[in-house]
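Visitor: Just a sequence and a predicted model for now, questions to come.
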Amino acid sequence: MTSSHYDVVVIGAGPGGYVAAIRAAQLGARVAIVEKQYLGGTCLNVGCIPSKAMLHVAESLHRLESLAELGITLPQPPTFDMRRAMTFKDKVVKRMTNGVGTLLKGNNVTIYEGLGSVEANRTVTVTKSDGSHEQFSAEKVILANGSVPLMPPFPGIDGHNVINSDTCWNLTEVPESVVCVGGGVIGVELACMFQALGSRVTIVEMLPDILAPVDEEVRRLLVRILSRRGITIATGARVEAIEDDGEQKKVIARGEQGEQVFHGAYVLVAVSRRPNTSGLEQLFEQGLDHDRGRVRVNEQMETNLPGIYAIGDLVHGAGLAHVASMEGEVAAENALGHASRMDYSVVPNPIYTFPEVAFVGLTEAQAREQYGQEVRVERFPWSAIGKAVAIGETDGFTKVILGKYNEILGAHIIGPDATNLISEYSVAMRGELTGDEIIETIHPHPSLSEGLREAILAAEGRPLHIPPKTPKAAARSR
């Protein structure tokens, strides 16, 4: 067992951890990072990146359905090789994780492979795969342990052909059918993926609606589109057990109408994720404040133990990779004496369904509850945007919520490239811009971004490419 001392030690090399390590190194610190499984964490290895690679494959297959309208004829039905798709996914993951390793080494961050255990005096012990140990100390420690899939303790959850959002990337064939337990973001994204790849998909959600945080108007349209594509959605159904039924799996749920049974070749459990607390046992015993594993922190990302910070899925928050990265920067800056504060007031939320959904700020219901009659809400359809019509992506709309002073309280997009377009509204909200300033900004034509300006114009009562709701509103000047 060797001994070293670092200015900052980061536990976990996911999008929060490796960014924290790089930021600390940029500030001149001697930095080490400990990772027990793989650089890039859940996001790069079994989360954001592989899912987006496979969603790209699935969306490419989905787009083939409309090629005939463009004058392109392909053999029908098109063939699909799941093994080759998984090879593509693996190449993407390897490139990204190798990139993380290069970035860390390029910033002179020392990498330790193994399970990191931390004590309150900031002593870190790394248990390697061969059972050996290495120990060192740090002035400051940043906990970025990440999360693991939550597997509820109902009977049959550990049976064969029961997969989760970490293990579904090991399939070599497209399942004939999948029952997705959980209608949150992860579950609905994966449901879209499997349906487009050719699976018959059923989503089973215990809450009254899927995608609970999403604006009601957006959610209703997405549900209609998913149902139109053949995805069955059962809400208000609490799963009680998973059983074998011949060569099929049987999911038994209960709702207001009594027992419900759903069949599929596979069951995908995607109800949520829980914090990964491996290696934190001693810290908990030594008084680290937490709520059922979620570490409590202040706006500087400091825990109640001196010199110890926590970020990402380990703390209460949005559970988003880009938020974890920002938390990592804030933690690193504070650890090295720079005053920095985490601000969650403007957090873009991307959902990679078909079509995409993205939102930032308040929903319409939240805005009306907080601001009452001062709120103005309007939406602008993609069917009125030339670029959307030209690429055959006219489902959906852009919806804006404006306050008394024309400030943007929230924005919601369902449609093509929504996850990229939402950034314009995010920057506007962060910079405290008003709707007037978006209107006065020239947007390129033809482009999807025109819809963002048009939504504000519609809220002002003077849209250019749809009829105004009232002639009086249309006559308003700039």
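Guide: Right, received. Where do you want to start?
Visitor: So, low pLDDT: which residues of the stretch 151-300 of the chain?
Guide: Along the stretch 151-300 of the chain, the model assigns pLDDT under 70 to no residue.
Visitor: can you map out the strands along it?
Guide: Under the criterion DSSP state E, counting those that start in this stretch, the stretch 151-300 of the chain carries strands at the ranges 162-164, 177-181, 200-204, 232-234, 238-245, 248-255, 258-264, 266-269, 273-275, 290-291, 294-295.
Visitor: of all those, which lies closest to residue 146?
Guide: strand 273-275 (7.9 Å; Cβ to Cβ). Every C-beta, even on glycine, is put in place using the N, C-alpha and C of the backbone.
Visitor: Let me see the residues that make contact with that closest one.
Guide: 145-150, 165, 186, 293-295, 313-314, 319 (Cβ atoms under 8 Å, 6 or more residues apart in numbering).
Visitor: and that strand, which residues are buried?
Guide: 273, 275 (16 or more other Cβ atoms under 10 Å).
Visitor: same question, stretch 159-173
Guide: Within stretch 159-173, the residues that qualify as buried are 161-165, 168-169, 171, counting by 16+ other Cβ under 10 Å.
Visitor: can you list those in a markdown table and add distance to residue 9?
Guide: Shown next, in a markdown table, are the buried residues of stretch 159-173 (distance: Cβ to Cβ, whole Å):
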| residue | distance to residue 9 |
| --- | --- |
| 161 | 41 |
| 162 | 37 |
| 163 | 34 |
| 164 | 30 |
| 165 | 29 |
| 168 | 33 |
| 169 | 30 |
| 171 | 37 |
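Visitor: Among the residues you listed, which one sits closest to residue 352?
Guide: residue 165 (13.0 Å).
Visitor: So residue 93 belongs to a strand, correct?
Guide: No. Using DSSP: H, G, I helix; E, B strand; the rest coil, the assignment for residue 93 is helix, not a strand.
Visitor: so how far is residue 40 from it?
Guide: 8 Å (Cβ to Cβ, to the nearest Å).
Visitor: what sits in contact with each of those two?
Guide: Counting by Cβ under 8 Å, 6+ apart, the residues touching both residue 93 and residue 40 are residue 49.
Visitor: Between the two, point out the one with more neighbours.
Guide: residue 40 (25 against 19; other Cβ atoms under 10 Å).
Visitor: tell me the phi and psi of the more buried one?
Guide: Dihedral pair for residue 40: phi 100, psi -10, per degrees, to the nearest 10.
Visitor: which stretch of helix or strand covers the closest residue to it other than its chain neighbours?
Guide: Nearest non-adjacent residue to residue 40, counting by Cβ to Cβ, 6 or more residues apart in numbering: residue 97, 4.4 Å away. Under the criterion of DSSP states H and E, residue 97 resides in helix 82-106.
Visitor: tell me which residues in that helix are buried?
Guide: Buried, per 16+ other Cβ under 10 Å, within helix 82-106: 82, 85-86, 89, 92-93, 96-97, 100-101, 103-104.
Visitor: ok, now stretch 304-311?
Guide: Within stretch 304-311, the residues that count as buried by 16+ other Cβ under 10 Å are 305, 307-311.
Visitor: quick one: which of the buried residues of stretch 159-173 is nearest to residue 365?
Guide: Using Cβ to Cβ, residue 165 is the member of the buried residues of stretch 159-173 that sits closest to residue 365, with 28.5 Å.
Visitor: show me the contacts for the closest one.
Guide: Residues near residue 165 by Cβ under 8 Å, 6+ apart: 46-47, 51, 149, 186, 190, 268, 270, 273.
Visitor: would you list those residues in TSV and tack on distance to residue 75?
Guide: Converted to TSV, the contacts of residue 165 look like this (distance: Cβ to Cβ, whole Å):
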residue	distance to residue 75
46	34
47	34
51	29
149	38
186	34
190	28
268	30
270	34
273	41
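Visitor: follow-up on the earlier one: which stretch among the strands of the stretch 151-300 of the chain comes nearest residue 74?
Guide: With distances scored as Cβ to Cβ, the stretch of these nearest to residue 74 is strand 200-204 (22.9 Å).
Visitor: got a list of contacts for that closest one?
Guide: Identification of contacts with strand 200-204 by Cβ under 8 Å, 6+ apart yields 176-183, 187-188, 191, 194-195, 210, 230-234, 237, 239, 251, 253, 262, 264.
Visitor: ok, of those, which come out buried?
Guide: The neighbour count (16+ other Cβ under 10 Å) marks 177-183, 187-188, 191, 194-195, 210, 231, 233-234, 237, 239, 251, 253, 262, 264 as buried among the contacts of strand 200-204.
Visitor: What about residue 413? Give its phi and psi, please.
Guide: Backbone geometry at residue 413, expressed as degrees, to the nearest 10, gives phi -130, psi 130.
Visitor: Sorry, slip of the keys, the one I care about is residue 37.
Guide: Torsion angles, degrees, to the nearest 10, at residue 37: phi -130, psi -60.
Visitor: do residue 379 as well
Guide: According to degrees, to the nearest 10, residue 379 has phi -130, psi 160.
Visitor: Helices of this structure, residue ranges please.
Guide: Remark: helices assigned in the chain by DSSP state H are 17-26, 41-46, 48-63, 82-106, 185-197, 216-228, 281-285, 321-335, 364-371, 386-390, 418-430, 435-439, 450-459, 471-474.
Visitor: Tell me which of the ones you listed sits most buried.
Guide: Across the helices of the chain, averaging neighbours per residue (mean count of other Cβ atoms under 10 Å) puts helix 17-26 on top, at a mean of 27.
Visitor: any idea how this protein splits into domains?
Guide: Under automatic domain parsing, the residue ranges defining each domain of the chain are 5-149+274-335, 162-271, 355-469.
Visitor: In CSV, list those along with distance to residue 341.
Guide: Listed next are those as CSV, based on distance: least, Cβ to Cβ, whole Å:
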stretch, distance to residue 341
domain 5-149+274-335, 5
domain 162-271, 24
domain 355-469, 14
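Visitor: closest to residue 344 out of those domains?
Guide: Ranking the domains of the chain by proximity to residue 344 (Cβ to Cβ) places domain 5-149+274-335 first, at 7.0 Å.
Visitor: Now do the same contact list for the nearest residue to residue 101 once chain neighbours are set aside.
Guide: Counting by Cβ to Cβ, 6+ apart, residue 39 is the residue found nearest to residue 101 once chain neighbours are left out, at 5.2 Å. The contact partners of residue 39, by Cβ under 8 Å, 6+ apart, come to 13, 18, 97, 100-101, 104, 111.
Visitor: Provide the backbone phi and psi angles at residue 39.
Guide: When read as degrees, to the nearest 10, the backbone of residue 39 gives phi -60, psi 140.
Visitor: what about residue 261, how many neighbours?
Guide: Neighbour count for residue 261, taken as other Cβ under 10 Å: 10.
Visitor: again but with residue 211, I slipped
Guide: 20.
Visitor: separation between it and residue 9?
Guide: To residue 9, residue 211 is 38 Å away according to Cβ to Cβ.
Visitor: Repeat that for residue 143.
Guide: Where residue 9 is concerned, residue 143 sits at a distance of 10 Å (Cβ to Cβ).
Visitor: Those two: which is more packed in?
Guide: The residue with more neighbours, out of residue 143 and residue 9, is residue 143; 33 against 30, by other Cβ under 10 Å.
Visitor: excluding its backbone neighbours, what's nearest the more buried one?
Guide: Closest residue to residue 143 in three dimensions, ignoring its sequence neighbours and counting by Cβ to Cβ, 6+ apart: residue 310, at 4.2 Å.
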